[in-house]
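Chemist: please find the sequence and the predicted model below.
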Amino acid sequence: MIKQDLTVLEERSIFVLREAKQKFGKVAALWSMGKDSTTMLALARKAFLGKVPFPVIHIDNSIDFPETYEFRQDLAKKWNLDLIVAPSEIKPDLVGSACCGKNKPETLKKVMDEYGFDALIVSIRRDEHGIRAKERYMSPRDKKFRWNYKDQPAELWDDYSSKLDVGGHVRVHPLLDWNEIDIWNYVKRERIPVNPLYFSRNGYRYRSLGCTHCTIHIKSNARTVENIISELETTKIEERSGRSMDKEREYVMQRLRSLGYM
Amino acid sequence: MIVKTISLLGHKDHGKSTLIGSLLMHTGSATQVRIKEAEAYSKKLHKDFEPAFILDSFAEEREQEMTYDTTRAEIKYKDLAFAFIDVPGHEELIKNMISGASYGEIAVLLVSAKADEGIRDQTKRHLFIARMLGIESLVVAVNKMDLVGYDKKRFDMIKDGLSGFIEKIGFEKTMVSFVPVSAYKGENLVKRSRFMNWYKGKTLIDLIYSGTKKQSGNKTGALRIIVQGFLEGQRDFAVGRVVKGNLSLTGGFCISPGNLPVKIKSIIVKGKKVKKAIIGENVALQFDKKMGSDLRGSVISNKGDCPEARAKVRATIFITKKLDKNSSIRFNGSDIQIKKMSVAEYIDPTTGTRSTNGKMELLSAISADLILSKQIPAEKFDETRELGRFVLYSDGAFAGIGTITGY
């Protein structure tokens, strides 16, 4: 896994975050309380003089881990976050990707409509998945949340040309260039608080966090951020190996994303 | 680790995605999961192992064996890391090609050595665009040598066929190198090929390595900060980025357009008050007073050294969509109407030939004088890249790119 220059990454993310605030009227961010979206909030604090200047949305299916809820409460208070909790109902007949593909986007649609957000910051990274690697820094979604991946806007020379569809919104991806190991190095450098589930307990830890139904822990003795970094330096296993929905069928990520999944 | 970004160029089916897939494997940079996935898809499509599938992730891309949109893959080599940007080679996808290639610091061009493939218009068009985007260092990989019996004559033919054109469109000879490869078989990529002993030069990866050391960006010089806008609700606080020179609090400053004098009270970088900021840094600047006009796209410089604001520029323009009455340029975040455009020269991007007679055609270039609806703080692309380039829009859609060559 390639370690990149954190300062270069940081500057690009700050630029993208500020550009989003300049271009769009009502910006919000998704916050899963995972390492990536929490890092994004730390970057926003740097970009906007210590304050996160947009609401953060948690799509809460009520089956997240208890540690995650505790972490949400603590950090929201510490960083004075404008937190929107959007309850999402788990339907027993939907499992795996069908659940992620339907519940989350549907709940998100409701919140976006209710508040009238026109831009949504999502902390995806290219190295997570081949499909996410195809994304732009700013990427339009139509009214039905669809991603027209066959005709993405041009994006060059710091010009993010995405325009709003009527009733649609633009996804903003400030962490697109970061690798998993960069996130951890940055967490270490900046002392960013992280969800305790990432650290090993009884020989296991979570490398990528979803809800309790679909996230599987990995064997690991990494108890500190430093341990995680050295683990990642040698691993040959993919980050989302513990996310069951990725593995059900071919192209599941492509289908989910084209339908509005994050 | 320093990451160098490399744009892959070339006609469709000349092997760009295969090359990156193959490099990922031969340098041990692909995860087992990705390799296994690519193996499974190859099998499913009743093919021998296809390294391109490590890259092409859309279902349509694998089924039709064609890259639709740009992607990025990282490879570690010596003290550097290379981020390869794969781009679609198909003509209709030139918008995606330009988007991807614009991030490259150097370029690698793939040309198939096969007699029925070889140098194509699209091969040369990609080179023309890369040069316009500001790429100076180029490696030409003559590919599919395994399919022509590793014949030196085929390699020489392509090298001779391209050299003149490459120089004509503005690459310097010392910045260009050629290497014969087989992306599919991995010949001359990371290890020297035993089938091509007639080739005495470096392997592809070593040429890329030395190529990245030659690349230059903005020359150092006078301070230029491009303003993104105000911090929300604070008209005495602007945010922007230093694109050239260094910023320190001493002396006065000016804003262009308008040549407005301004005092900067404090500089904030990443949330901390500082005395200086350097090139590449995003800054927040506190002025001594609230500003009246919107500053998005304006430039802050040291007093007496403001770029002149101009409503007329001479530019080289590559056109991808027909320009109508409603054409505009996007210049550092602002949309500015083109009031009038007069063509000085027509440039054929497949030959590099310039002529005063001609017709404006899609996927070709012009040199033209633009009269704009508003003054912009423009400089020549060669002087300050960020102030010498723009994206063209026609009827709200991407229509091409331009670089400023004069006034």
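Modeler: Thanks, I have the structure now.
Chemist: how about the residues of the stretch 201-350 of chain B by chain A?
Modeler: Applying C-beta under 8 Å from any C-beta of the partner chain, we find that the stretch 201-350 of chain B lies next to chain A at B:228-229, B:231-232, B:239, B:241, B:268, B:270-271, B:280-282, B:284, B:296, B:330, B:332-333. For the C-beta atoms, the positions are set from N, CA and C on the backbone; glycine is no exception.
Chemist: the closest residue to chain B within the stretch 51-200 of chain A - how many residues pack around it?
Modeler: Nearest residue of the stretch 51-200 of chain A to chain B, counting by C-beta to the nearest C-beta: residue A:130, 3.0 Å away. By other C-beta atoms under 10 Å in any protein chain shown, 22 other residues sit near residue A:130.
Chemist: residue B:172 too?
Modeler: Neighbours around residue B:172, by other C-beta under 10 Å: 12.
Chemist: contacting residues for the spatially most central residue of chain A?
Modeler: The C-alpha lying nearest the average C-alpha coordinate of chain A belongs to residue A:123 (C-alpha atoms, centre = their mean; 3.3 Å). Contacts for residue A:123 were tallied using C-beta atoms under 8 Å, 6 or more residues apart in numbering or on different chains; they are A:29-30, A:34, A:36-37, A:39-40, A:173-175.
Chemist: chain A versus residue B:290, what's the distance?
Modeler: 17 Å (C-beta to the nearest C-beta, to the nearest Å).
Chemist: please name the nearest non-neighbouring residue to that residue.
Modeler: Nearest non-adjacent residue to residue B:290, counting by C-beta to C-beta, 6 or more residues apart in numbering or on different chains: residue B:235, 4.3 Å away.
Chemist: so the one you found belongs to a strand, correct?
Modeler: Yes. Counting by DSSP: H, G, I helix; E, B strand; the rest coil, residue B:235 is found in a strand.
Chemist: hmm, residue B:291 and it touching each other?
Modeler: Yes. Judged on C-beta atoms under 8 Å, residue B:235 makes contact with residue B:291 at a distance of 5.2 Å.
Chemist: show me where the stretch 51-200 of chain B has its strands.
Modeler: B:71-77, B:80-86, B:106-112, B:137-143, B:176-180 (DSSP state E, counting those that start in this stretch).
Chemist: lowest average confidence across helices and strands of chain B, where is it?
Modeler: Of all helical and strand segments in chain B, the minimum by mean pLDDT, DSSP states H and E falls on helix B:59-64, at a mean of 57.
Chemist: can you list the weak-confidence ranges in the chain?
Modeler: All of this is about chain A. Within chain A, the stretches with pLDDT under 70 are A:90-102, A:162-165, A:210-214, A:236-238, A:240-262.
Chemist: think we crossed wires, I meant chain B
Modeler: Using pLDDT under 70, the flagged stretches of chain B are B:31, B:45-46, B:55-71, B:89-92, B:215-219.
Chemist: what's the longest helix in it?
Modeler: Ranked by residue count and defined by DSSP state H, the top helix of chain B is helix B:152-168.
Chemist: centroid-nearest residue for chain B?
Modeler: residue B:102 (2.3 Å).
Chemist: and that one, what does it touch?
Modeler: A:156-157, B:133.
Chemist: list phi and psi for it.
Modeler: The phi/psi pair for residue B:102 (degrees, to the nearest 10) reads phi -60, psi -20.
Chemist: dump the residue contacts of residue B:189.
Modeler: Contact analysis of residue B:189 by C-beta under 8 Å, 6+ apart lists B:19, B:22-23, B:26, B:181, B:183, B:203-205.
Chemist: now flag whichever of the residues you listed is closest to chain A.
Modeler: residue B:23 (13.6 Å).
Chemist: quick check: which element contains the closest one?
Modeler: helix B:16-26 (DSSP states H and E).
Chemist: packing partners of that helix?
Modeler: Helices and strands touching helix B:16-26, by 3 or more C-beta pairs under 8 Å, 6 or more residues apart in numbering or on different chains; DSSP states H and E, are strand B:2-9, helix B:32-44, strand B:71-77, strand B:80-86, strand B:106-112.
Chemist: tell me the most buried of those?
Modeler: Highest mean neighbour count among the helices and strands packed on helix B:16-26 (mean count of other C-beta atoms under 10 Å in any protein chain shown): strand B:106-112, with a mean of 26.
Chemist: can you list the strands that it pairs with?
Modeler: According to DSSP bridges, strand B:106-112 has the following sheet partners: strand B:2-9 (parallel), strand B:137-143 (parallel).
Chemist: that older thread, looking at the contacts of residue B:189, which is nearest residue B:319?
Modeler: residue B:19 (29.2 Å; C-beta to C-beta).
Chemist: in this structure that closest one contacts residue B:112, no?
Modeler: No. Residue B:19 is beyond contact range of residue B:112, at 11.3 Å (criterion: C-beta under 8 Å).
Chemist: shared neighbours, those two?
Modeler: Joint contacts of residue B:19 and residue B:112 (C-beta under 8 Å, 6+ apart) are residue B:143.
Chemist: where do the strands of chain A begin and end?
Modeler: Taking DSSP state E, the strands of chain A run over residues A:27-30, A:56-60, A:83-87, A:119-121, A:138-141, A:155-156, A:159-160, A:169-172, A:204-205, A:218-219.
Chemist: for the fifth one, packing partners?
Modeler: For strand A:138-141, the helices and strands in contact under the criterion 3+ C-beta pairs under 8 Å, 6+ apart are helix A:6-23, strand A:169-172.
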